[in-house]
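Peer 1: The following comprises the amino acid sequence and a computationally predicted model.
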Amino acid sequence: MSKTIEQLRQEYGTREKILTIEDLVVKFSLRGEELTAIRQASLDVYKGESLCIVGESGSGKSVLTKSFMGMLDNNGWIDSGSVLYKEEDLAAYRFERQWMQIRGKEIAMIFQDPMTSLNPLRSVGSQIKEAVELHQDLRGEAAREAVYEILENVGIADPVRRYRQYPFEFSGGMRQRVVIAIAMACKPQILVCDEPTTALDVTIQAQILQLLDKLQKMYDLTVIYITHDLGVVAHVADRVAVMYAGDIIEVGLSEEVFYNPQHPYTMNLLSSLPQLGEKGKDLYAIKGTPPNLFKEIHGDAFAPRNSLALKVDFVHRPPYFTVSPTHKAKTWLLDPRAPKVELPSAIKQLRSKWGDDIVAGS
Amino acid sequence: MLKYCTKRFLQSLVTLFIVVTVVFVLMRFMPIEGFLGPRYDKMDPGQRDAILKAMGLLDPIHIQLKNFYIQLLHGDLGESIIYRPHVPIVEILGPKIPYSLFLGWASMTLSLFFGLSLGVFMARFKSGFLDKLGTVYIVIINAVPSAVYYLFLQLYGKNLLKLPMLFDADRPISWILPIISMALGGIAGNAMWMRRYMVDELNKDYIRLARAKGMRKSAVMFKHVMRNAIIPMVQGIPASILLVMVGSLYIESLYSIPGMGGLLIQAIQRQDTPLVQALVLIFSAFSIFGLFVGDLLMAMLDPRIKLGSKEGSR
């Protein structure tokens, strides 16, 4: 089943775009000040793929996904840009009524902490049934049967008994299965998983990821994972989008981003992986802190923390430079005029394994 | 469930027994002069002993206690000795209870209905106009001494709305002012707690998931938020039956209502032991019953409460 990078790229060329985010700007008003959480981010999502959005806390991963579900907090709004889904511009949506057509029905979401994602006082079955009634137009006994089927699909045995039980009678992993069941009951096109495994222990993590993979194939789902766990990324992602300070600074096939990172932030992120560290040496850590999003950012947002920064990085914001048809990054280093820079040793090590002969999924 | 009910009911009976017994015994430690009232000074020791013996007060305490409970089982609460000497307590309380009970129920119903609705709307439109208005109301009711707004209400109710100033059992229109006065505080309290519980629920993660699955905001409010927020409220409601029974001293005197308000305090001050015992019995029976019903409701509404098995650890 393994494919070469070239085959994967060709395959992506024929895939259909399901969601197109263009120059999206999301702002929040906080204590009388304006915070720009998403700064002109652009991203294409292809039908049926697994896309991972990675980045540190506060980089805007969750805000980005909430913006196309109409779930931004009350003090946040889409300032400009567009989000195209089935020829509809979601960025122009203003009313709950419009979002009702999208939320759950087209795009469903599961959250980080299964322990608190379910109403503790209502039976598990009734909470799944709500979604079935809303989106599958089934009532009564038929809805109940549908719930049993979904429960079995997400790997919960004895669904008739489990239906009547309450969340406190379920373990963490089982609750996450219920949360996934609720999302699947909506029959969505896109499933957004906001750190689906962060709150679970490692063995359960693997099970949940397997389950998501199975469901993705079963329902031909497009899955967007939000995570900062690069282990999860390596495991599930077809493509990876790296976010920094509210912008997507690099996006490409998982193999491309992992073995051939272009943006200095991506390189730094990968360098700080324990697996790439050398025994006896301190683990690499990115110095400094992310920029203050209350202020306007000039040039490349990562420049102040970047040891490889060029002068131009502090003045002009880099555009996307294309590395391959599926791989692009916002860094001046890719400009033909850029000087050659000395890459971090960990990245050299990664690149040494890089080549067209690399086998996907290995 | 039946097992839990029975168990909880028996526990309530034991509690009631302990309360009544303790009060009974404590009353016996009071100075003996009190039982004779103002006549004490004019009596010689022989007369005093005769009277005390007639009242059964010279018997050992466990005999007195036994006699008291035997009387009680026959439905006899004894006779008042000072408040209205030699009048059976049943006759004293009989005409008073209905007034207090009626006014109490009416104001409790009002305060529940308006208090809970106000709280729900305040939470639904949090930091909107209604929320701010409601907050002002709650702050005023809590900050201003109740006597002040009772008087205001009586005064303006009479002058502007031409409502009767005094209570008259035969004229329903005269019930309005006292009932509203009594409900004002309850409305503020219920609204405050209901709003608070709902806002608490609103910020929980499962609300986000309910919204993410595409439920309408009003449906989320009704099926998830309100349902969960009402549980802590429900537990407290039956317990407030006690407040209903005791009556409001101030409102009853303001509108000259012949209710129970302040009767217990008077009875204690004047050392009318049988009356104190009867009142303590009635009041504690009501409040213990209220707590019992509250717990039952809670157990019915909250699936996390395991019936019977974990009783001891609660």
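Peer 2: Received the coordinates, thanks.

Peer 1: rest of the way, CA atoms for contacts and neighbours
Peer 2: Will do.

Peer 1: all helices of the stretch 51-200 of chain B, in order?
Peer 2: B:61-73, B:89-124, B:129-143, B:146-159, B:176-202 (DSSP state H, counting those that start in this stretch).

Peer 1: And for B:M108, nearest residue in space, chain neighbours not counted?
Peer 2: Excluding its sequence neighbours, the residue lying closest to B:M108 (CA to CA, 6 or more residues apart in numbering or on different chains) is B:A183, at 6.4 Å.

Peer 1: what's around A:I5, how many residues?
Peer 2: 18 (other CA atoms under 10 Å in any protein chain shown).

Peer 1: now A:G288
Peer 2: Neighbours of A:G288 (other CA under 10 Å): 10.

Peer 1: ok, and which of the helices of the stretch 51-200 of chain B has the densest surroundings?
Peer 2: Of all those, helix B:176-202 has the most neighbours on average by mean count of other CA atoms under 10 Å in any protein chain shown, namely a mean of 22.

Peer 1: elements contacting that helix?
Peer 2: Here helix B:176-202 touches helix B:89-124, helix B:129-143, helix B:146-159, helix B:227-239, helix B:249-254, going by 3 or more CA pairs under 8 Å, 6 or more residues apart in numbering or on different chains; DSSP states H and E.

Peer 1: that older thread, can you name the residues that contact the residue nearest to B:M108?
Peer 2: The contact partners of B:A183, by CA atoms under 8 Å, 6 or more residues apart in numbering or on different chains, come to B:S107, B:M108, B:L110, B:S111.

Peer 1: and which of those is nearest chain A?
Peer 2: Closest approach to chain A among those (CA to the nearest CA): B:S111, at 26.2 Å.

Peer 1: what pLDDT does the closest one get?
Peer 2: Listed pLDDT for B:S111 reads 88.

Peer 1: now do B:I18
Peer 2: On pLDDT, B:I18 comes in at 91.

Peer 1: Point me to the helix or strand that includes it.
Peer 2: helix B:2-28 (DSSP states H and E).

Peer 1: and the angle for that helix with helix B:61-73?
Peer 2: 130 degrees (axes from the mean of the first three to the mean of the last three CA atoms, to 10 degrees).

Peer 1: List the buried residues in helix B:2-28.
Peer 2: Judged by neighbour count (16 or more other CA atoms under 10 Å in any protein chain shown), helix B:2-28 contains these buried residues: B:Y4, B:C5, B:R8, B:F9, B:S12, B:L16, B:V20, B:T21, B:F24, B:M27.

Peer 1: excluding its backbone neighbours, what's nearest the third one?
Peer 2: By that I understand B:R8. Spatially, and ignoring its direct neighbours in sequence, B:R8 is nearest to B:F292 (6.9 Å; CA to CA, 6+ apart).

Peer 1: burial of the one you found, as a residue count?
Peer 2: Neighbours of B:F292 under the rule other CA under 10 Å: 20.

Peer 1: again with A:Q10
Peer 2: Number of residues near A:Q10 (other CA under 10 Å) recorded here: 12.

Peer 1: The helix or strand that it is a member of: what's the following helix or strand?
Peer 2: Per DSSP H and E, A:Q10 falls inside helix A:5-14. Sequence order places strand A:17-30 as the next helix or strand after helix A:5-14, per DSSP H and E.

Peer 1: For chain B, tell me whether that next one is touching it.
Peer 2: No. Applying CA under 8 Å from any CA of the partner chain, one finds strand A:17-30 out of contact with chain B, separated by at least 15.7 Å.

Peer 1: just checking, what packs against that strand?
Peer 2: Strand A:17-30 sits against strand A:33-46, strand A:76-85, with contacts defined as 3+ CA pairs under 8 Å, 6+ apart.

Peer 1: Pull the residues that contact that strand.
Peer 2: By CA under 8 Å, 6+ apart, the residues outside strand A:17-30 that reach it are A:34-47, A:67, A:75-86.

Peer 1: picking that back up, tilt between the helix holding A:Q10 and strand A:33-46?
Peer 2: Going by the same axes, to 10 degrees, helix A:5-14 makes 100 degrees with strand A:33-46.

Peer 1: how about helix A:5-14: buried residues?
Peer 2: For helix A:5-14, by 16+ other CA under 10 Å, it's A:I5, A:L8, A:R9, A:Y12.

Peer 1: got it, and stretch A:54-74?
Peer 2: So stretch A:54-74, judged by 16+ other CA under 10 Å, has buried residues A:54-56, A:59-72.

Peer 1: What count of nearby residues applies to A:H235?
Peer 2: If you count neighbours by other CA under 10 Å, A:H235 ends up with 13.

Peer 1: Relative to chain A, how far out is B:L297?
Peer 2: 14 Å (CA to the nearest CA, to the nearest Å).

Peer 1: No further questions, thank you.
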